[in-house]
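**Student:** Sequence and predicted model, in that order:
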Amino acid sequence: MKLLKYVLAGALVASGQAAVAQSEIEAAGAALAGPAVELPERTIGILQLNAQAEVAFRIAEGARIPAERLGWTVIVCDSLGDPARMASCSESLLNQGVDAILTVAIEPAPVMAQLRRAEEEGVLWLTLGGGTTPSELITAQYAPLETEMSDLLHDYLIEQLAQRPGDAHTMAISTFSQVWAGRARSDDLYADLEGTNIEVVDEHVSDLANQIADARQSVTSQLTAFPNVDALYGTANYTVPVMGQLVAQRFPGADFPERPLVLGYLDDLVNLEAVRRGQVDAIATMRLDAASYTAIDQLAQHFARGTALNPDAYLESETVYGIDLREATLVTAENLPPEGEYVEPSADFIAFFNAKWDAEFGIGE
């Protein structure tokens, strides 16, 4: 595995480019493939957090698309951010005889009865995209540490606020702390602000079932209550364009530092467009669908070869696969991707896994 990693690194040095060439990443995937084996048919259930959030949709699609490419049946149920629907969706998926349930950052508490039923019936339960509270009933979690993104954003925040006048600075935040990923990001913010001259003067917890309207109301309230606030920070991706629009309305024609700094997470196209328009200053992002592809590969190896799922396959991807699936990026106006495109990883993990599966399961034949 180290050899594969060094081959990819060598390709980067030799080419002088920021990304591994398509042919090289496909060759690496094929080289990592196990012996050819027949892949059995399976039915996969996807329990969505709320598909109206672009990143949640992308995480689920990151599982649906490769699962269907492998020839599996996929059933998606969207909970719409409603805990009651999380339970009913889970029950419905189990009733339809799925072999595994993949959830998009669903906490164990609202689906505890279904988690127990899944364990009793031998149905695998995986968490994708955003980590959740640990539970022995969850087979594996494939989610980032969050601090890889948040540390990038917090360093930028502290550096930029030094440009605002005054010896002390304030910020208001919106978070979705009822979900582990949101709580991890906001907890890391408070930790990174210790010993600085920056104070969080207001924290709003988002309503996951009413995302956009809730974000608009809460940000409006924060700007009204704290008209001289130095920064607005959203841990949820869907708050980013709302913050940018409302700040632009309050400070027409102004750029930071003449207006508050606006920061958030994840490269939804609407978020990238807000950076392009100058309404948002920076977003921290990573390709969360890489965790989804990892989960599908682990399921494929399990169903085809009887191997146990490796719960560290994503967090230790450089050791397991020889490629970095957790690459984090801070996006500002200086490094925006082309309009209408997401931030591309240095290594095309989709091409990597497709080549691996083609060699293992004859998918491309």
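**Tutor:** Yep, it's here.

**Student:** Okay, now the unreliable bits of the protein?
**Tutor:** 1-20, 178, 364-365 (pLDDT under 70).

**Student:** Just want the most central residue of this protein.
**Tutor:** Closest to where the C-alpha atoms of the chain average out (Cα atoms, centre = their mean) is residue 288, at 3.5 Å.

**Student:** who touches that residue in this structure?
**Tutor:** 55, 58-59, 62, 128-130, 143-144, 266 (Cβ atoms under 8 Å, 6 or more residues apart in numbering). No exception for glycine: its C-beta is placed from N, CA and C like everyone else's.

**Student:** The closest residue to residue 121 other than its chain neighbours sits in which helix or strand?
**Tutor:** Distances taken as Cβ to Cβ, 6 or more residues apart in numbering place residue 94 nearest to residue 121, at 6.9 Å, with adjacent residues excluded. Assigned by DSSP states H and E, residue 94 belongs to helix 83-95.

**Student:** what's in contact with that helix?
**Tutor:** So helix 83-95 is contacted by 45, 47-48, 75, 77-79, 101, 106, 109-111, 113-115, 117-118, 121, 123 (Cβ under 8 Å, 6+ apart).

**Student:** Show me how to select, in ChimeraX, the buried members of those residues.
**Tutor:** Command for ChimeraX that selects the buried part of these, burial taken from 16 or more other Cβ atoms under 10 Å:
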select :45,47,48,75,77,78,79,101,106,110,111,114,115,117,118,123
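
**Student:** among the contacts of helix 83-95, which are in strands?
**Tutor:** Members of the contacts of helix 83-95 lying in strands (criterion: DSSP state E): 45, 47-48, 75, 77-78, 101.

**Student:** Go through these and say which is closest to residue 199.
**Tutor:** residue 48 (36.4 Å; Cβ to Cβ).

**Student:** Tell me who's in contact with that closest one.
**Tutor:** Contacts for residue 48 were tallied using Cβ under 8 Å, 6+ apart; they are 56-57, 60, 76-79, 89, 104.

**Student:** The same query, at a cut-off of 7 Å, please.
**Tutor:** Applying Cβ atoms under 7 Å, 6 or more residues apart in numbering to residue 48 gives the contacts 56, 60, 76-79, 104.

**Student:** sorry, back to before: out of the ones in strands among the contacts of helix 83-95, which two sit at the greatest distance?
**Tutor:** 78 and 101, at 13.8 Å, using Cβ to Cβ across those.

**Student:** Overlap of the contact sets of those two?
**Tutor:** Common contacts of residue 78 and residue 101 (Cβ under 7 Å, 6+ apart): none found.

**Student:** related to what we said a few turns ago, would CSV of the ones in strands among the contacts of helix 83-95 with distance to residue 69 be doable?
**Tutor:** Below are these laid out as CSV (distance: Cβ to Cβ, whole Å):
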residue, distance to residue 69
45, 17
47, 21
48, 19
75, 16
77, 21
78, 22
101, 19
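
**Student:** hey, where'd the strands end up in the stretch 201-350 of the chain?
**Tutor:** 231-234, 261-265, 282-286, 328-331 (DSSP state E, counting those that start in this stretch).

**Student:** Parallel or antiparallel, which strands does the third one pair with?
**Tutor:** Strands flanking strand 282-286 in the sheet, each with its direction: strand 261-265 (parallel), strand 328-331 (antiparallel) (DSSP bridges).

**Student:** mind checking which of those strands is nearest residue 34?
**Tutor:** So among the strands paired with strand 282-286, strand 328-331 is nearest, using Cβ to Cβ, at 29.6 Å.

**Student:** quick one: the helices in this structure?
**Tutor:** Along the chain, counting by DSSP state H, helices occupy 2-15, 22-32, 54-69, 83-95, 112-121, 147-161, 180-193, 211-225, 239-250, 269-276, 289-305, 317-320, 349-361.

**Student:** Give me the angle between the longest one and helix 54-69.
**Tutor:** Between the direction of helix 289-305 and that of helix 54-69, the angle (axes from the mean of the first three to the mean of the last three Cα atoms, to 10 degrees) works out to 30 degrees.

**Student:** now, of the helices of the chain, which is deepest in the fold?
**Tutor:** helix 289-305 (a mean of 24; mean count of other Cβ atoms under 10 Å).
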